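[1] No sequence on hand, only this structure:
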């Protein structure tokens, strides 16, 4: 396979809508949509939509874990689930159709035991044999040590496999080395360096700090509606946002990572890989729930971005 994704805290994403959302009252929702979720699984869905071979590794437990496995299979994503005792979590997003506001409720994942964490690492090592890239995305559930992603990075370095990471909080702060591409948001990078990043100057300083520390070869800083900032030891580049009408904001960051990874394994220059990531994120924003953008729409936006830079 070309790419392996790792999702240590997967979820079933439930999306619905209601005419009005008020406190205390019962909120009667439209029929829900169920999607397989969690950072790496969302990344894998975009990679698969763009036609690259991908395998998703994730723990799954309880009846909700069985449903997750079925939803991943229904999304045509090859999977290597790791059975765990705790039940896989669920996440809920409800859109108020009157205001367009979206309310998102995210629950903690099951507590994993040390043997379960070890089995996840072992399954990742088996799945990664022959892979060109491994991408880990999302939070860590209770029981998983903060330095878990650094352990993954060291494992992949021994296997000579590139590592793309999208993490936040303590797991991101625990990173010391070995990441090929790090993809934080402004908030996540601000937490990493220990202060807010309100403007271009502070953001440039922060990405340079990460590169200088040797944590990552490249940093792709997601700026949301402002586009992206990319930094390597050779310099930085700013990328304009893609205009889009938003239907759902869930999973757009993961779609960006998916497009970026596809560009990398196809041999694109980093800038073009980022453009494919931005096109993937924009197309995902146009779709309901966490569904990836349509491949034709992604490539249409990517080609337009490529023409614009000439």
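    All right, it came through fine. As the structure is a computational prediction, the values presented were derived from the model and not from experiment.
[2] Show me what the host helix or strand of residue 207 packs onto, helices and strands only.
    Take DSSP states H and E as the rule and residue 207 turns out to sit in helix 200-212. When contacts are defined as 3 or more Cβ pairs under 8 Å, 6 or more residues apart in numbering; DSSP states H and E, helix 200-212 packs onto helix 186-193, strand 216-222, strand 228-232, strand 235-239. Glycine gets a C-beta too; all of them are placed from N, C-alpha and C.
[3] ranking those by burial, who's on top?
    Compared across the helices and strands packed on helix 200-212, strand 216-222 shows the largest average neighbour count, a mean of 23 (mean count of other Cβ atoms under 10 Å).
[4] Quick one: residues in contact with that one.
    With Cβ atoms under 8 Å, 6 or more residues apart in numbering as the test, strand 216-222 has contacts from 165, 175, 179-186, 189, 203, 206-207, 210-211, 228-233, 253, 256, 260, 270, 274, 277.
[5] Check stretch 82-89 too.
    For stretch 82-89, with Cβ under 8 Å, 6+ apart as the criterion, the contacting residues are 9-12, 57-65, 67-68, 107-113, 116, 119-120, 123, 141.
[6] Spell out the secondary structure type for residue 135.
    Secondary structure assignment for residue 135 (DSSP: H, G, I helix; E, B strand; the rest coil): strand.
[7] Low-confidence ranges, the stretch 201-310 of the chain, go.
    Residues of the stretch 201-310 of the chain meeting the criterion pLDDT under 70: 243-251, 288-290, 306-310.
[8] hmm, back to that, turn the helices and strands packed on helix 200-212 into JSON lines, including distance to residue 46.
    Shown next, in JSON lines, are those (distance: least, Cβ to Cβ, whole Å):
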{"stretch": "helix 186-193", "distance to residue 46": "20"}
{"stretch": "strand 216-222", "distance to residue 46": "15"}
{"stretch": "strand 228-232", "distance to residue 46": "16"}
{"stretch": "strand 235-239", "distance to residue 46": "18"}
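[9] who's in contact with the most centrally placed residue in the chain?
    Central residue check for the chain by Cα atoms, centre = their mean: the C-alpha nearest the mean position is that of residue 254, 3.1 Å away. Residues in contact with residue 254 (Cβ under 8 Å, 6+ apart) are 39-40, 42-43, 46, 137, 166, 284, 290.
[10] Which of those residues fall in helices?
    Among the contacts of residue 254, the members found in helices (DSSP state H) are 39-40, 42-43, 46, 284.
[11] Of the residues you listed, keep whichever come out buried.
    39-40, 42-43, 46, 284 (16 or more other Cβ atoms under 10 Å).
[12] Tell me which two of the residues you listed sit farthest apart.
    Pairwise distances across these (Cβ to Cβ) peak at 15.2 Å, for the pair 40 and 284.
[13] need the contact list for residue 165.
    135-137, 149, 153, 172, 175, 179, 181-183, 216.
[14] From residue 72, how far off is it?
    Distance, residue 165 to residue 72, using Cβ to Cβ, to the nearest Å: 21 Å.
[15] do the same with residue 195
    Look at residue 195 and residue 72: by Cβ to Cβ, they are 39 Å apart.
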